[in-house]
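> below: sequence and its predicted model.
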Amino acid sequence: KLEEFLNFKQLKTSLKEAILLDYYTAGFWWAKERNFSVIQLSGFMDLLNFLLENLSDKRMTLGDNLKELGKAMAGIGETDTGRSGDLNFFSIEQAKAIIDYLNISLFKQYKLYEYLFHSPREEVVMSNE
């Protein structure tokens with residue numbers, strides 16, 4: 001279902017689509033295992049997409065993307081509504097777990113994702129004739 005939602009048409013022949021499907025699927029199941037509510041799950045998936053778009057479209061460095069993550073998560077756990085951000089439906093413990101997850105999933109593999117989006121490569125099409 002996720003591949004349909006992401007509108008992937010070449011999943012069997014596109015390494016990029018396969019990697020992106022894995023990225024989003026792993027994130028979705030990680031959040032489901034932590035019993036995130038529907039709103040939290042949606043916010044988490046938006047965060048995954050936001051950080052990946054920063055890398056792919058805006059070509060942000062790892063440091064800049066970490067700063068954006070910090071801004072997005074600023075105010076979590078604050079009672080002052082003026083300081084809370086868009087992700088204020090997460091608890092402090094959940095925010096820490098999200099940061100840990102992003103560290104082992106996206107940020108640890110950042111160079112590989114940069115290569116995926118920004119390095120030209122030949123596509124080898126194999127067929128069985």
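Thanks, I have it. Numbering: from 1, shown residues only.
> list the buried ones in stretch 37-53?
The neighbour-count check on stretch 37-53 (16 or more other C-beta atoms under 10 Å) flags 40, 41, 43, 44, 45, 47, 48, 51, 52 as buried. No exception for glycine: its C-beta is placed from N, CA and C like everyone else's.
> tell me how far it lies from the chain's centre.
7 Å (C-alpha atoms, centre = their mean, to the nearest Å).
> now residue 109: phi and psi?
Torsion angles at residue 109 (phi, psi; degrees, to the nearest 10) stand at phi -100, psi 20.
> could you count how many residues lie near it?
Residue 109: 14 surrounding residues under other C-beta atoms under 10 Å.
> where does pLDDT dip in the protein?
Within the chain, the ranges that satisfy pLDDT under 70 run 1-8, 10-13, 77-85, 121-129.
> tell me which element the residue most central in space within the chain is part of?
In the chain, the residue lying closest to the centroid (C-alpha atoms, centre = their mean) is residue 48, at 2.3 Å. Remark: residue 48 resides in helix 38-56, with elements defined by DSSP states H and E.
> could you identify the helix or strand that succeeds that helix?
Note on helix 38-56: by DSSP H and E, the next helix or strand toward the C-terminus is helix 62-73.
> tilt between that following helix and helix 38-56?
Here the directions of helix 62-73 and helix 38-56 differ by 160 degrees (axes from the mean of the first three to the mean of the last three C-alpha atoms, to 10 degrees).
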